[in-house]
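Visitor: Prediction below, plus the sequence it came from.
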Amino acid sequence: MSRDTASRYRLLLEINNAIVKHTDRKTLFQALATEIRKIVPYDRISINIYDPHTKSLSYFSIAEGVSAQGLEDENRPLAKGAIAQEVIRSRRPLIIPDLNQRSYWASVRSLLQAGLTASMAFPLITRGRVLGTIHLSFIEKPADFAELGGFLAELADVVAVAVENMLAHTRLQELNKNLAQQKHYLLEETEDSYGPDSFFYASPKMAEVMRQAALMAASDASVLITGETGTGKEVVARHLHRESPRREALFVKVNCPALSAGLFESELFGHTKGAFTGAERQRVGRFEMAQGGSLLLDEIGELPLHLQAKLLHVLQDKRFERVGDSRTIEVNFRVIAATNRDLEDAVLQKQFRSDLFYRLNTVSLRLPPLRERREDIPLLIRRLTELQAGRTHREPPFYSPQAVEQLQQHSWPGNVRELKNLVKRLLILRPGKTISGAEIQKFLEPGQSLASVPPMTLAEVERQHIERVLAQTGGVLSGENGAAALLGVPRTTLQYRIKKHGINLTEIKRPTAAEPLN
Ligand SMILES: Nc1ncnc2c1ncn2[C@@H]1O[C@H](COP(=O)(O)OP(=O)(O)OP(=O)(O)O)[C@@H](O)[C@H]1O
C-alpha cells in the first residue's frame, strides 16, 4: 500500500469532500473511517467527544471494527478511557506500539482482550479547544507504525474541523427544533384573557395586591400566589413575569395536577429521541423552555408527595438532565407557584413537604375573593362586556343599576371566572337588551339553565346551538370531531344552515378549557 505524498493529498481531499457531503454524524463517521482505511490498515477506529463540563466522553459515533468490551458505552466518565484522558490532558498524540506495556490501564486491557496489540490516539483540537480524540488500534502493528503516526497527527487537524462542523450543525438542528417547539407552545398558550389590557380592578384591596406585585416583579424571589379558584392567580403570575427583568424570555406554565409519575420527567426535563418506547421525537421540557424566563407551577398543592421531592431536588440543585441524555442542563428560571389550597395546613397534614413550601414561599401574594372586593364588580362587568362584545362583534347588553346591584351582592364562589362566564352568556342571550334586576336573579340561581330564561324562537335556539358547537370545534365543520358530526347532520346541511342563519365562520373562536362558553 502506498502512503506517498500524492495518496495522502488524495486522502485529505476525500476527507474534505466527506465533510461537505455528509450532514449526519453517522454517515460522516463512516465516510471518515472508509477513507482513512484506504491508507491506514487499522482494525478499530473510534472518535470520542469530550465534554469539559461533565468531564465525560461520548462516542461521536459507535466505534467501527473490532469491538472492545467495556468501551462500548456511548457515554462514560473520562477516567474510564485512560488513553483519551492522557491525550486530552497533554493535548499531544499517544502512540503505543505495544499495548502490553500499558496493561495497567483498564481500557488498554479491554483492547488487549479484543486481540488488539498496538494503538495510537490523537487530540482533536480546533481553535485551541480540545474537542475530543481519534483512536486507531491494530491487531498487528504495521511496519511503518511510527511514520503512520506522523501522518495521522496531521490528519487529526482535518478530522477535528469535520467533527466541529458536524457538532455545530447538530446543535443548530437541535436549536431549530427547540425554537419550533417553543413557537408551538407559545401559539398554544397565547390567550388574550391573560394580556395586560384585559385585567381590571378598582378596589383598594386589589390596588394593594398590585402594588406588592410591582415590588416582587423587580426582584427574582420565588413567589407563592394564593387565592380561591378564578381570582386571577395566573393573570397576576403573567403580570409578574411581564414586569420582571426576565420579560424577554418565556413564561411557561406547568399544570401540576396533570403530572403523573410517568409524565413528570419527560414533561419537565424533556427527552431525547428514542429515550423510551414512544419517544419518537426529541422533546424540550418545560424547565428548558423556561430558561431565562419564569415558570408557573399552577395548582402546586395538587402535586403528589413523591413528585414534590423530585421538584425540590431540581430547585435545590439548579440542574437536571433530559431523559436519555447525560448532559447536565443548568436551571435558570424564576419560580412562581399558585394554589387555592391552604399550603401551610397541607404541610401540617403532611400532604405537602415543608422544605418545598419554604423554597416556593420566599414571598407570597394573596388574591382576595371577589366577595371581599365588591367595588371591582361594576368595572369588571363593564370592561369584560366591552372586551367580549368587541371580540365576538355582538351588541353589548345594558346592565340596569338594579342588575349591577344584584351582581354586587352575589357571593361569586367561582370569582372572576364565574363573573366572566356570566357576562359571556348574557352577551349571547341578551345582545343589545337591557338586563333588569329581576332577570339577573334568574341567571344567578343555582342550576339555572337555558330553559329558565325567557323563551326564544326555535330558529334562535338552532342558531345559538350551531354557534356553540362551532365554537367548540374552532370552526371546523368536517371530520370525526367536526361540527357536522357532532350535530349529526351532513356537512352540506350544516353549511346550508350556517348560511341561512347568517353565521360568520371567521368570527368563531375556540374557547379554552379555562373559559367554557357556559
Ligand atoms: N381582574 C381581572 N380582570 C379581568 N379578568 C380577570 C381578572 N381576574 C381574573 N380574570 C379572568 O378570570 C379567569 C380566571 O383567571 P385565572 O385563570 O388567572 O384564575 P386562577 O386564580 O388562576 O384560577 P384557578 O385557581 O382556577 O386556576 C381568566 O379568564 C382571567 O382572564
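Guide: Cool, got the structure.

Visitor: Quick check: next helix or strand after the strand or helix carrying Glu405?
Guide: Assigned by DSSP states H and E, Glu405 belongs to helix 401-409. Toward the C-terminus, helix 401-409 is succeeded by helix 415-429 as the next helix or strand (DSSP H and E).

Visitor: Any part of that following helix near the ligand?
Guide: Yes. Residues of helix 415-429 are located near the ligand by Cβ under 6 Å from any ligand atom, namely Val416, Arg417, Lys420. The way it works is simple: take the backbone N, C-alpha and C, and place the C-beta from them, glycine included.

Visitor: Tell me the helix or strand right after that helix.
Guide: The C-terminal neighbour of helix 415-429 among helices and strands, as given by DSSP H and E, is strand 434-435.

Visitor: So what's the gap between that following strand and the chain middle?
Guide: On the basis of Cα atoms, centre = their mean, to the nearest Å, the separation between the geometric centre of strand 434-435 and that of its chain is 46 Å.

Visitor: Quick one: neighbours of Ala237, just the number.
Guide: If you count neighbours by other Cβ atoms under 10 Å, Ala237 ends up with 25.

Visitor: hmm, back to that, list the buried residues in the helix holding Glu405.
Guide: Ala403, Val404, Gln406, Leu407, Gln408 (16 or more other Cβ atoms under 10 Å).

Visitor: contacting residues for the closest residue to the fourth one other than its chain neighbours?
Guide: Excluding the flanking residues, the one nearest Leu407 by Cβ to Cβ, 6 or more residues apart in numbering is Ile377, at 5.7 Å. Going by Cβ atoms under 8 Å, 6 or more residues apart in numbering, Ile377 touches Leu370, Val404, Leu407, Gln408, Leu419.

Visitor: Kindly confirm my reading that Ile377 is in a helix.
Guide: Yes. Going by DSSP: H, G, I helix; E, B strand; the rest coil, the assignment for Ile377 places it inside a helix.

Visitor: of the residues of helix 415-429 next to the ligand, closest to Gly195?
Guide: Of all these, Lys420 has the smallest distance to Gly195: 14.0 Å, by Cβ to Cβ.

Visitor: if you skip the residues just before and after it, what's nearest to the closest one?
Guide: Nearest residue to Lys420, sequence neighbours excluded (Cβ to Cβ, 6+ apart): Leu384, at 5.4 Å.

Visitor: next SSE after the helix or strand hosting that neighbour?
Guide: For Leu384, the enclosing helix or strand under DSSP H and E is helix 376-392. In the C-terminal direction, the helix or strand that comes right after helix 376-392 (DSSP H and E) is strand 398-399.

Visitor: Can you name the residues in contact with that following strand?
Guide: Contacts of strand 398-399 from elsewhere in the structure, counted by Cβ under 8 Å, 6+ apart, are Ile381, Arg382, Thr385, Leu407, Lys433, Thr434, Ile435, Ile440.

Visitor: quick one on the thing from earlier: farthest-apart pair in the contacts of Ile377, please.
Guide: In the contacts of Ile377, the most distant members under the criterion Cβ to Cβ are Leu370 and Val404, with 13.8 Å between them.

Visitor: contacting residues around the residue nearest to Lys420?
Guide: Listed by Cβ under 8 Å, 6+ apart, the contact set of Leu384 reads Phe200, Leu419, Lys420, Val423.

Visitor: Count the residues that sit near the second one.
Guide: Burial measure for Leu419: 20 neighbouring residues, criterion other Cβ under 10 Å.

Visitor: how much space between it and Lys433?
Guide: To Lys433, Leu419 is 19 Å away according to Cβ to Cβ, to the nearest Å.

Visitor: what do you get for the third one?
Guide: Taking Cβ to Cβ as the measure, Lys420 and Lys433 are separated by 19 Å.

Visitor: The last one now?
Guide: Using Cβ to Cβ, one obtains 14 Å as the distance from Val423 to Lys433.
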